[in-house]
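J.: Pasting a predicted model and its sequence here:
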Amino acid sequence: MTIKAMTIAGSDSGGGAGIQADLKTFQELGVFGTSVITAITAQNTLGVTDVHPIPVLTIEEQFKAVITDIGADAVKTGMLYDKERIEAIADLVSRHQVTNLIVDPVMVTTTGSPLLKEDAQDTLIKKLFPLAILVTPNIPEAEAILSKKREDFDKLEDMAKALYHACGGVPVLLKGGHEARAEFMTDVLFTGQTSVLYTSPRIDTTHTHGTGCTYAAAITAFIAQGVKLESAIFKAKEFLHVAIEQAKPVGEGAGPVHHSAHRESSISDVNMEVLT
Ligand SMILES: Nc1ncnc2c1ncn2[C@@H]1O[C@H](COP(=O)(O)OP(=O)(O)O)[C@@H](O)[C@H]1O
Ligand SMILES: Cc1ncc(COP(=O)(O)OP(=O)(O)O)c(N)n1
C-alpha cells in the first residue's frame, strides 16, 4: 500500500522552504507527496522579492484533483496568504473529511517577509485550527496568536498551555528555535492532558532556512504512516536535527537544511520527556 501525504503551501523558488521542502521531506521519509500551491514566492537564501497568490478556483481544483483520485493519509498546511484562501481551504478540508490535518501557521519568514496578511490571522484561528490534529507555531507566531510576549510566561510549557486554549483546544507544538541563546533547544507539545518536552543540542549554524516547514512535513509523513502524535514529533525532530547539522552552504544567506542527511546519520541527539 502506498502512503500519501499532501502539502497545501507556497512555492519557494530557492528550494529550501514551502512546497519544495515539504515534498523533499515526504520523499525522504518514504511517503508519496502531492501538492496544492497557494502562492508563488520569488525567494532565495537572502529573502523574498515577490509574492504571487494563486486564484482560489485553481487552489480548489488542485485539491479536488488530488483528493478524488490519489487521496491523502495526512495533510499539512503552510503559507496560506490571506482570508479568502484560508476559508476556501477550511471548506475543502471539512467537505472532504480530512482527518489528519497538521497546520503550520506560517506568518513571517525568518528574514522578515510577511507570508500571511495581518487581517487573516483571526480566520486562521477560528476556521482552520479547529480542523487540525496539531498546530505548530514558532515563538513569534505564538506571540501573535496570544497577543502576549514570550516574557509574559515563566516557562515555555505555560505558553504552550495558553496556546492550546487560544487555538480552540487543539494539540499545540510550540517550537523553541527562537528562544534566547541556550545550549539546548526545547519544543513543547501540549495535548490538553500532557506536556511533552523535546530537547536537542543547539547547532551553531546560520543555515536553518526551511526548518519549520521540514519539521511539520516530517510530522505529517509519520502521521500518514500511522505513527502516534508524540512519537511522530520525536521522529520528525530527529530527522530535522541531522538535516540542520549537515546543512550545506547554498547561496549567500541563510542556507537550507539538508533533507537527505538522515541517510548517512542514525545518531539521535533528541530527548523526549513526558511531564505528568
Ligand atoms: N540552530 C539550531 N540548532 C538545533 N535545532 C534548531 C536550530 N534552529 C532551529 N532548530 C529547531 O528547528 C525547529 C523549528 O524551529 P523554530 O526556529 O522555532 O521554527 P521556525 O523554523 O518555524 O521559525 C525546532 O525544533 C528547533 O529546535
Ligand atoms: C513559501 C514559503 N513558505 C514558508 C516559509 C517559511 O519557512 P520556515 O521553515 O517556517 O522558516 P524560514 O525559512 O523562514 O526560516 C517560507 N520561507 N517560504
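T.: Received it, and whenever you're ready, just let me know what you need. Numbering: from 1, shown residues only. Ligands and ions are numbered 1, 2, ... in the order given.
J.: Next one: whichever residue of the stretch 101-250 of the chain sits closest to ligand 2 from Ser266, what distance?
T.: Nearest residue of the stretch 101-250 of the chain to ligand 2 (CB to the nearest ligand atom) works out as Gly212 at 2.8 Å. No exception for glycine: its C-beta is placed from N, CA and C like everyone else's. Computed with CB to CB, to the nearest Å, the distance linking Gly212 and Ser266 is 24 Å.
J.: show me the contacts for Gly176.
T.: Going by CB atoms under 8 Å, 6 or more residues apart in numbering, Gly176 touches Ile139, Leu156, Met185, Thr186, Asp187, Val188.
J.: quick one: which of those is nearest to ligand 1?
T.: The closest of the contacts of Gly176, once distances to ligand 1 are taken by CB to the nearest ligand atom, is Met185, at 3.7 Å.
J.: Over to that closest one. Which of the three states is it?
T.: Three-state call for Met185 (DSSP: H, G, I helix; E, B strand; the rest coil): strand.
J.: doesn't Arg202 make contact with it?
T.: Yes. Between Met185 and Arg202 there is a contact under CB atoms under 8 Å: 5.3 Å.
J.: Which of these two has more residues huddled nearby?
T.: For Met185 versus Arg202, neighbours defined as other CB atoms under 10 Å are more numerous around Met185 (20 against 13).
J.: Run through the bridge partners of that one.
T.: Residues in a beta bridge with Met185, per DSSP bridges, are Ser200.
J.: returning to what we had before: quick one: the residue of the stretch 101-250 of the chain closest to ligand 2 is in a helix?
T.: Yes. Counting by three-state DSSP, Gly212 is found in a helix.
J.: So which bits of this structure are right by ligand 2?
T.: Proximity of the chain to ligand 2, by CB under 6 Å from any ligand atom, involves residues 9-10, 12, 17-18, 41, 43, 78-79, 106, 109-110, 115, 208-213.
J.: ok, the closest residue to ligand 1 within the stretch 51-200 of the chain - how many residues close by?
T.: As assessed by CB to the nearest ligand atom, ligand 1 sits closest to Gly177 within the stretch 51-200 of the chain, at 2.3 Å. Other residues near Gly177 come to 17 when the count uses other CB under 10 Å.
J.: Tell me where this structure has strands.
T.: For the chain, the strands defined by DSSP state E occupy 4-12, 32-43, 48-53, 74-77, 101-103, 134-135, 172-174, 184-190, 195-201, 271-275.
J.: now for the first one, which elements pack on it?
T.: With contacts taken as 3 or more CB pairs under 8 Å, 6 or more residues apart in numbering; DSSP states H and E, strand 4-12 sits against helix 18-28, strand 32-43, helix 56-69, strand 74-77, helix 211-224.
J.: 6 Å instead, please
T.: Here strand 4-12 touches helix 18-28, strand 32-43, strand 74-77, helix 211-224, going by 3 or more CB pairs under 6 Å, 6 or more residues apart in numbering; DSSP states H and E.
J.: and the last one with helix 18-28, angle?
T.: Note on geometry: by axes from the mean of the first three to the mean of the last three CA atoms, to 10 degrees, helix 211-224 and helix 18-28 are set 40 degrees apart in direction.
J.: Quick check: mean pLDDT of helix 211-224?
T.: The average pLDDT within helix 211-224 is 98.
J.: Same check on the second one?
T.: Throughout strand 32-43, pLDDT has a mean value of 98.
J.: nearest to Val257, of the helices and strands packed on strand 4-12?
T.: helix 211-224 (5.6 Å; CB to CB).
J.: Which residues belonging to that closest one are considered buried?
T.: 211-224 (16 or more other CB atoms under 10 Å).
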